[in-house]
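Q: this one's structure only:
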């Protein structure tokens, strides 16, 4: 026994069955719709900046820029990054240490296989300096760095 079914009948049947399924699960559908609207609102209401891992939670200004610049130079093998980091060093340091020697010192501080560099926080000293703390994940574990900044925001020491 065969039955010829028209296309309009099939379309109506699909719409009716879909509506019945949605009605049967209306609570779940309302919950899913509410969650989707909430997620859409959350994503669209946030500012459109994408901070790097180094700048997360960092205060703005020269102090954060120089600390982040030095950590970027430690994390990368770029000579341009090392040159920018050298510009962030105090004038007294620049007078006693040449740029090529500084690049060698940065290479000695570098840990192989750095995967993630996170800025943990900063401590403002009453005298005006700042200590900026970093955690670096490598394939073999984690390492910590402390960048000491002078009152002018220039790097005094890297440990």
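A: All right, it came through fine. These figures come from a predicted structure and were not determined experimentally.

Q: CA only for contacts and neighbour counts going forward, please
A: Noted.

Q: strands along the chain, start to end?
A: For the chain, strands defined by DSSP state E occupy the ranges 114-124, 130-138, 141-149, 155-158.

Q: make a markdown table from those and add mean pLDDT and mean neighbour count to it.
A: Output for these, formatted as a markdown table (pLDDT from 0 to 100; neighbours: other C-alpha atoms under 10 Å):
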| stretch | mean pLDDT | mean neighbour count |
| --- | --- | --- |
| strand 114-124 | 86 | 16 |
| strand 130-138 | 89 | 19 |
| strand 141-149 | 89 | 17 |
| strand 155-158 | 89 | 19 |
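
Q: can you put the ones you listed in TSV and add distance to residue 93?
A: Converted to TSV, the strands of the chain look like this (distance: least, C-alpha to C-alpha, whole Å):
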stretch	distance to residue 93
strand 114-124	22
strand 130-138	17
strand 141-149	12
strand 155-158	8
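
Q: closest one to residue 87 among the ones you listed?
A: When the strands of the chain are compared by C-alpha to C-alpha, strand 155-158 sits nearest residue 87, at 9.3 Å.

Q: the chain: helices as residue ranges?
A: Secondary structure of the chain by DSSP state H: the helices cover 7-24, 26-45, 62-75, 79-87, 91-96, 99-109.

Q: ok, back up a step: residue 104: which of the strands of the chain is closest?
A: When those are compared by C-alpha to C-alpha, strand 155-158 sits nearest residue 104, at 13.7 Å.
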